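Enquirer: Below are the sequence and a predicted model; questions follow.
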Amino acid sequence: MRTPGLMEFCAAIEGTPLNSWIQDHGDLFIPSIQVIHIIAISAILIASSMMNLRILGMASMDHRLSFVVGRFSPILRISLVFLIISGILMIVGEPARSLANSAFQFKMICLISALLIFWIMTRALSQDEGYWQKSASRQSTVKVLAILSMMLWVSIVFAGRWIAYL
């Protein structure tokens with residue numbers, strides 16, 4: 001969705017010293033940032049998948065859910081920091097290519113949704129370790145959230161690739 005306000009915002013970013021620096025050093029800088037971005041999303045996919053597969057009863061069944069979440073949440077959170085920083089740098093480098101791209105906008109909606117699901121699932125566990133096991137409806141709910149989370153993370157990866165083609 002290209003609105004006049006969005007295009008003005010992109011133009012303002014293009015006028016920044018950081019954008020100029022990225023443009024001047026793009027031959028080495030942009031591929032390096034892309035590698036960091038890909039490694040970060042890979043780590044997030046692995047961490048999220050391990051938690052979601054545990055919820056679905058397909059992995060790490062010998063460990064409590066709170067243990068698996070406690071083990072993989074820090075990886076997800078740290079990787080998210082690298083993902084956001086590298087993403088911002090790529091946006092500053094080419095703001096109109098990213099911000100005005102429908103695949104990018106879809107990716108951001110999926111990212112916010114996936115993070116919201118992660119927050120809901122981990123918040124409940126931090127308050128009560130057995131929260132998701134206390135009733136059949138909670139067990140069903142967390143399984144639906146896990147499946148939705150996995151679908152969103154895969155959608156984020158595909159949308160990220162589509163940015164280059166739309």
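Expert: Received the coordinates, thanks.

Enquirer: drop to CA atoms for contacts and neighbour counts, all remaining ones
Expert: Will do.

Enquirer: Not counting sequence-adjacent ones, nearest residue to the spatially most central residue of the chain?
Expert: The centre of the chain sits closest to L111, judged by CA atoms, centre = their mean, with a distance of 4.6 Å. If the residues on either side of it in the chain are set aside, L111 comes closest to I156, at 6.6 Å by CA to CA, 6 or more residues apart in numbering.

Enquirer: What pLDDT is listed against the one you found?
Expert: Reading off the per-residue confidence, I156 sits at a pLDDT of 96.

Enquirer: close enough to count as contact, it and A103?
Expert: No - counting by CA atoms under 8 Å, I156 does not reach A103; the two are 9.2 Å apart.

Enquirer: Work out for me the element S86 sits within.
Expert: Using DSSP states H and E, S86 maps to helix 65-93.

Enquirer: for the helix or strand hosting A43, the distance to its chain's centre please.
Expert: Of the helices and strands defined by DSSP H and E, A43 is found in helix 26-55. A distance of 9 Å separates the C-alpha centroid of helix 26-55 from that of its chain, computed with CA atoms, centre = their mean, to the nearest Å.

Enquirer: Show me what it is packed up against.
Expert: Here helix 26-55 is seen to pack against helix 65-93, helix 136-162 when contacts are counted using 3 or more CA pairs under 8 Å, 6 or more residues apart in numbering; DSSP states H and E.

Enquirer: okay, the ones you listed in a markdown table with distance to G5 and mean neighbour count next?
Expert: A markdown table is the format used below for those (distance: least, CA to CA, whole Å; neighbours: other CA atoms under 10 Å):
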| stretch | distance to G5 | mean neighbour count |
| --- | --- | --- |
| helix 65-93 | 16 | 18 |
| helix 136-162 | 23 | 17 |
